[in-house]
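1. predicted model, plus sequence, below.
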Amino acid sequence: MTEVTPHHGLFKDTNLHVDDAGGAGRPVVLIHGWPLSGKSFEEQIPALQEAGYRPITYDRRGFGLSSKPPAGYNYDVLAEDLQKVLVELDLTDVTLVGFSMGGGEVARYLGLYGPARIRSVVFASAVTPYLMRTDDNPDGPLTPEQADGMAEDLVRDETAFYDSFTRDFFSVDGVLRVSEVQRKEAGAMCGQANKNAALACMAAFGGTDFRGDLADVTVPALVIHGDGDATVPFEGSGQRTHASLANSEVHVIRDAPHGCNVSHADEWNSVVIGFLAK
């Protein structure tokens, strides 16, 4: 475990909590979803290590064990945080794995910094290319009314919101696809999130257009998604992301919810590790 300080400006005490599993293999940096932490990849770390890779996770600013500064929750800053992690750990030939909100960081990172350090990318249940339904994005799966309702529910009752959110996160057609223990572990991660950070990041992942960033993704890409994802539906996200990337492949996990890296961990790990080996 280590701490990385990504900024030297207004918030000099902003630190990112990083878990580096170590090893001599190629680095795989896993970027977690909202409003969780790097611990959400506990099903992936041993499998990646066994396959000979060096898995690294970090908690996004405002979440998990990282600092909770009052600002800096747009994707330009979040991509800068990712760049600082790669630079501080001196990582090259990296595969970036962006889960849900983390897929936006992968896209924006390549849009801003290019592929110099990057070997390949994985968009896992990702929010790309653009969630919000607008006049020029009619296929966006998130309506402004839904986005406003989510924010209002989080402000009104944080505990109740996260309880409902984690059920939807791991459910298909109302049926929970993980154990109650696993759902509560996710709820505990939600409880570490700073409320203001959670609201700002909700606005960021819902309202950021990554279509231009995807045009800059030239490295090999894997899109992996559950076909029962009610949080970030495949048709409005993963399917469109795959269609946007000429150098991409797609794997859809049948009967899987948003949190398919937990509910279908064996299949998820096998597909990702197979992609890494190419």
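-> All right, it came through fine. Being a predicted model, the structure only gives us computed values, none of them experimental.
2. and D255, how far from W268?
-> According to CB to CB, to the nearest Å, D255 and W268 sit 13 Å apart. C-beta here means a position set from N, CA and C on the backbone, and glycine is covered the same way.
3. the two: which has the busier surroundings?
-> Shown here are D255 and W268; by other CB atoms under 10 Å, W268 has more neighbours (24 against 14).
4. which non-adjacent residue is nearest that one?
-> Nearest residue to W268 in three dimensions, chain neighbours excluded: N261, at 4.8 Å (CB to CB, 6 or more residues apart in numbering).
5. same deal with Q83?
-> Closest to Q83 by CB to CB, 6+ apart is Y113, at 5.5 Å.
6. look up how far Q239 lies from F170.
-> Taken as CB to CB, the span from F170 to Q239 is 21 Å.
7. and what of Y75?
-> For Y75 relative to Q239 (CB to CB), the value is 22 Å.
8. so those two - more neighbours on which side?
-> For Y75 versus Q239, neighbours defined as other CB under 10 Å are more numerous around Y75 (22 against 16).
9. which residues does the residue lying closest to that one once chain neighbours are set aside contact?
-> Excluding the flanking residues, the one nearest Y75 by CB to CB, 6+ apart is R108, at 4.3 Å. By CB atoms under 8 Å, 6 or more residues apart in numbering, the residues touching R108 are 75-76, 78-79, 208, 210, 213.
10. swap in 7 Å and give it another go.
-> 75-76, 79, 210, 213 (CB atoms under 7 Å, 6 or more residues apart in numbering).
11. hang on, R119 in a strand?
-> Yes - assessed by DSSP: H, G, I helix; E, B strand; the rest coil, R119 belongs to a strand.
12. from P220, how far out is the closest residue in space to it that isn't next to it in sequence?
-> Spatially, and ignoring its direct neighbours in sequence, R119 is nearest to D93 (4.8 Å; CB to CB, 6+ apart). Taking CB to CB as the measure, D93 falls 12 Å from P220.
13. which of those two has more neighbours?
-> P220 (18 against 10).
14. neighbours of the closest residue to that one other than its chain neighbours, just the number please.
-> With sequence-adjacent residues excluded and distances taken as CB to CB, 6+ apart, P220 is closest to S120, at 4.4 Å. S120: 20 surrounding residues under other CB under 10 Å.
15. contacts only, for S120.
-> Contacts of S120 by CB under 7 Å, 6+ apart are 95, 219-221.
16. switch the cut-off to 6 Å
-> Going by CB atoms under 6 Å, 6 or more residues apart in numbering, S120 touches 95, 219-220.
17. okay, those in a markdown table with pLDDT and secondary structure next?
-> Formatted as a markdown table, the contacts of S120 follow (pLDDT from 0 to 100; DSSP: H, G, I helix; E, B strand; the rest coil):
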| residue | pLDDT | secondary structure |
| --- | --- | --- |
| T95 | 98 | strand |
| V219 | 98 | coil |
| P220 | 98 | coil |
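18. pLDDT wise, what is the closest residue to D173 other than its chain neighbours at?
-> Residue nearest to D173 in three dimensions, not counting chain neighbours: G228, with 6.8 Å by CB to CB, 6+ apart. Confidence at G228, expressed as pLDDT, is 98.
19. let me know whether L78 touches V106 as I believe.
-> No - judged on CB atoms under 6 Å, L78 makes no contact with V106 at a distance of 10.5 Å.
20. looking at the two, which is more packed in?
-> Taking neighbours as other CB under 10 Å, L78 and V106 compare with V106 leading, 29 against 26.
21. the one helix or strand the more buried one maps to: how far from the chain's middle?
-> Per DSSP states H and E, V106 falls inside helix 101-113. Centroid displacement of helix 101-113 relative to its chain, using CA atoms, centre = their mean, to the nearest Å, is 10 Å.
22. quick one: the strands in this structure, in order.
-> Here the chain has its strands, by DSSP state E, at 2-4, 16-20, 27-31, 54-58, 94-99, 118-124, 171-172, 175-176, 221-226, 248-253.
23. note down every partner strand of the fifth one and its orientation.
-> The one in question is strand 94-99. With DSSP bridges as the test, strand 94-99 is paired with strand 27-31 (parallel), strand 118-124 (parallel).
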